[in-house]
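> Dropping a prediction and its sequence here:
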Amino acid sequence: MLTRRIMQRSIILITIVLSLIFAVMPISIQVAAWRPEWPLLVVIYWIIALPHRVNIGYAAAVGLAVDILLGSTLGFHAAAYALVAYPAAQYYKRIRNFSLSQQALLVMVLVFLGRAIVYLFEHYLNNAPLMLHYFWPALSSAIFWPWVFLVLRKIRRSFQLR
Amino acid sequence: MSSHLFLQRVSLKTRLTLALLLAFLLIFADHRLGAMQPIRAFLNSVVSPVQYLAVMPEQALDNVISQVQSRRRIMRENTQLKEDNLLLQGQLQRFQFLVRENDRLRELLASDSREERLRMVAEVIAVDSDPFSHQVVVNKGTRHGVYIGQPVIDADGIVGQVADVGVTTARVILISDQSHAIPTRAELSGIRVIAQGVGDTAQLELMHVPHSTELQEGDVLFSSGLGGVFPEGYPVARIKRITRDESLPFAQVSAAPIANLDRIRMLLLLWDSSSETQPVRSEAELREQSQRPVEEQN
């Protein structure tokens, strides 16, 4: 029973670590601006699927890891991820019944929101100029959402995570 | 299943408030107090496996490519490198002669002679996908003697300085980062100007340049060594455009960094011979070094 619980937790953790690796993996400059926000996608999925395991605290922790990896001021992404996790955790039952395309639309809004929060912090504390291409990943995240969802659901079902 | 129906023992609002409170505390501590430096070093070491894992596919691909590269191509590359090396060796002879002469002249003038600098090659293992900061992560850390504020160059010119160090990784802030500025001196006129990053790898802005300046488009800016971070005499940028708009208090001067900041791969870390931390080399590197002809001192 105990080992099973540990295994379940480690599988969630492994998917998150993988998403972090994807987030910092070097890719060519042309597509780098379009890189989907993998960690946020994975966190949103787990919040919708298993809200009693992954919740706002988890989201904030992943955001902190993103902060460390990207070298931004500690807490920017943590705050943004926590704020974005809130509506997902609040309405997880409703979101589960959405179709994939509806979910993708919602994910686009959530990723945009998360990026907007980080941008506001950067703007007011570090004088960052407005860069429109900073918000492109909202679109690419929405495009990749169905695959993220299906792959993670497959993982969740085959390991019987509850 | 029924236990999952009422899963919120702590309400979501409380969780959110707690998480945000913690995040704001972190932001305050990191941004306003700068109190996170030692903790950051630790955290960087913790996440360094992720960074090493993230470059593994690329390195594996590079490996495969170099494995299947044809013999002829490698031979060609080899001859090319030999030619380059010969050329550089020739220039080095002249350089050493000049160094000696410069030392003698400085002795005559009774000023300190310049020190030999120690160097170590570092490879870029991660480029930040965060567009608000221009930073790269290199594969050398405190274990190799890297310290915060250490100057970093590449084959063309100054790249940036070390901002954070982990045990096996270090984060280098590029001169194009919007929070970075570097004191420079123009090559010909000797005018001192500060080159400030603007968040664009192809551009630096020169600050507080009067309209009457003698700077010209095409002037090369060298590090002046005045800030105490960067050594003197390394190329930084070339002036691209000077706009003299009299309605503004200063002339608008933009310059292009000489190092190709958007495609850096191999970097050189520099050490003062008098600085506290010294480069720590692995045994293999030491052996390689001792086999090279010892450079003549003085």
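Arrived safely, thanks for sending.
> thought A:L50 was touching A:R162?
Yes. Assessed by CB atoms under 8 Å, A:L50 is found in contact with A:R162 at 7.2 Å. Heads up, the C-betas are built off the backbone N, CA and C, glycines and all.
> near chain A, which residues of the stretch 101-250 of chain B?
Neighbours of chain A within the stretch 101-250 of chain B, by CB under 8 Å from any CB of the partner chain: B:126-133, B:135, B:137, B:163-164, B:171, B:178-179, B:198-199.
> Please repeat the previous calculation with a cut-off of 10 Å.
B:124-137, B:163-164, B:166, B:171-173, B:177-179, B:198-201 (CB under 10 Å from any CB of the partner chain).
> Just to be sure, B:I39 is in a helix?
Yes. Counting by DSSP: H, G, I helix; E, B strand; the rest coil, B:I39 is found in a helix.
> Now tell me which helix or strand of chain A has the poorest mean pLDDT.
Here the helix or strand of chain A ranked lowest by mean pLDDT, DSSP states H and E is helix A:29-32, holding a mean of 75.
> What residues sit buried inside that helix?
Going by neighbour count (16 or more other CB atoms under 10 Å in any protein chain shown), nothing in helix A:29-32 comes out as buried.
> Touching it from outside, list them.
A:26, A:133, A:137, A:140, B:127-129, B:131, B:201, B:262-263 (CB atoms under 10 Å, 6 or more residues apart in numbering or on different chains).
> Take these and lay them out in a markdown table including pLDDT, secondary structure and distance to B:R192.
A markdown table is the format used below for the contacts of helix A:29-32 (pLDDT from 0 to 100; DSSP: H, G, I helix; E, B strand; the rest coil; distance: CB to CB, whole Å):
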| residue | pLDDT | secondary structure | distance to B:R192 |
| --- | --- | --- | --- |
| A:P26 | 75 | coil | 37 |
| A:H133 | 83 | helix | 35 |
| A:P137 | 91 | helix | 41 |
| A:S140 | 94 | helix | 45 |
| B:V127 | 77 | strand | 31 |
| B:D128 | 70 | coil | 31 |
| B:S129 | 63 | coil | 35 |
| B:P131 | 71 | coil | 31 |
| B:T201 | 85 | coil | 24 |
| B:D262 | 81 | helix | 27 |
| B:R263 | 80 | helix | 30 |
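> Closest to A:L40 out of those?
A:P137 (9.2 Å; CB to CB).
> mind listing what the closest one touches?
Contacts of A:P137 by CB under 10 Å, 6+ apart are A:32-38, A:40, A:108, A:111-112, A:114-115, A:144, B:129.
> Just want the most central residue of chain A.
Centrality entry for chain A: nearest residue to the mean C-alpha point is A:L40, 0.8 Å, by CA atoms, centre = their mean.
> In whichever strand or helix holds that one, which residues are buried?
Applying DSSP states H and E as the criterion places A:L40 in helix A:38-49. Across helix A:38-49, burial judged by 16+ other CB under 10 Å covers A:38-49.
> State the three-state secondary structure for B:E217.
Put simply, B:E217 is coil when judged by three-state DSSP.
> Report the contact partners of it.
Applying CB under 10 Å, 6+ apart to B:E217 gives the contacts B:238-242, B:253-255.
> Now a ChimeraX select for only the buried ones of those.
Buried subset of the contacts of B:E217, written as a ChimeraX selection, criterion 16+ other CB under 10 Å:
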select /B:238,239,242,253,254,255
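> Can you show me the CA trace of stretch A:25-43 as PDB?
Output in PDB follows, covering the C-alpha atoms of stretch A:25-43 (Å, rounded to 0.1, in the frame of the first residue of the first chain):
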ATOM      1  CA  MET A  25      16.000  22.100 -23.600                       C
ATOM      2  CA  PRO A  26      17.900  24.100 -26.200                       C
ATOM      3  CA  ILE A  27      16.000  24.500 -29.400                       C
ATOM      4  CA  SER A  28      16.700  26.600 -32.500                       C
ATOM      5  CA  ILE A  29      16.000  30.300 -32.200                       C
ATOM      6  CA  GLN A  30      13.200  30.300 -34.800                       C
ATOM      7  CA  VAL A  31      10.900  28.100 -32.800                       C
ATOM      8  CA  ALA A  32      12.200  29.000 -29.300                       C
ATOM      9  CA  ALA A  33       9.600  31.900 -29.000                       C
ATOM     10  CA  TRP A  34       6.800  29.300 -29.700                       C
ATOM     11  CA  ARG A  35       7.900  26.800 -27.100                       C
ATOM     12  CA  PRO A  36       4.700  25.800 -25.200                       C
ATOM     13  CA  GLU A  37       4.800  26.300 -21.400                       C
ATOM     14  CA  TRP A  38       5.200  22.600 -20.700                       C
ATOM     15  CA  PRO A  39       5.400  22.700 -16.900                       C
ATOM     16  CA  LEU A  40       2.100  24.700 -16.700                       C
ATOM     17  CA  LEU A  41       0.400  22.300 -19.000                       C
ATOM     18  CA  VAL A  42       1.400  19.300 -17.000                       C
ATOM     19  CA  VAL A  43       0.400  21.000 -13.700                       C
END
